[in-house]
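In: Generate a structure from the sequence data that follows.
(one chain, ligands or ions: 1)
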Amino acid sequence: MTDERIVQWFGESWEAPVCDPEQEIAVPVDRPCVRCGIYLLVDDQGLAIPYVDPLARELVRPGDELPDVAWEHLYFHRGCFMEAIRD
Ligand SMILES: [Zn+2]
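Out: The predicted structure follows:
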């Protein structure tokens, strides 16, 4: 099940610790990779990284929990994510 508050993954497992079977999601083929801008394909591997729009944080009172709708996933190809964290 998709949970925007946690790191999830898609595609064939690459046996990394992140590839927890409990956190596998369907390939988000309607979404682009945020690094390269190319739409994800059904045979791609990649990661779904939690993100909160800074505006959503401003709208929540300090101490209050962010509502579920404030969270979204940013999708990366596996290779693009590795490049992103090296930069
Ligand atoms: Zn990419």
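In: From now on I want contacts and neighbour counts done on CA atoms only, so please keep to that.
Out: Fine.
In: Grab the nearest non-local neighbour of Q45.
Out: Excluding its sequence neighbours, the residue lying closest to Q45 (C-alpha to C-alpha, 6 or more residues apart in numbering) is G11, at 4.1 Å.
In: could you measure that neighbour against R78, distance?
Out: Distance of G11 to R78, given as C-alpha to C-alpha, to the nearest Å: 9 Å.
In: what sits in contact with each of the two?
Out: 45-46 (C-alpha atoms under 8 Å, 6 or more residues apart in numbering).
In: Those residues of the protein touching the ion, which are they?
Out: 33, 36, 77, 80 (C-alpha under 5 Å from the ion).
In: For the last one, give me phi and psi.
Out: Here is the backbone geometry of C80 (degrees, to the nearest 10): phi -70, psi -40.
In: What of the first one?
Out: Here is the backbone geometry of C33 (degrees, to the nearest 10): phi -70, psi 130.
In: Pretty sure it sits against F76.
Out: Yes. Judged on C-alpha atoms under 8 Å, C33 makes contact with F76 at a distance of 4.6 Å.
In: Looking at those two, which is more packed in?
Out: Higher neighbour count among C33 and F76: F76, with 28 against 21, using other C-alpha atoms under 10 Å.
In: and that one, which of the three is it?
Out: Assigned by DSSP: H, G, I helix; E, B strand; the rest coil, the conformation of F76 is strand.
In: Could you do the one 3 residues further on as well?
Out: Under the three-state scheme (three-state DSSP), the conformation of G79 reads as helix.
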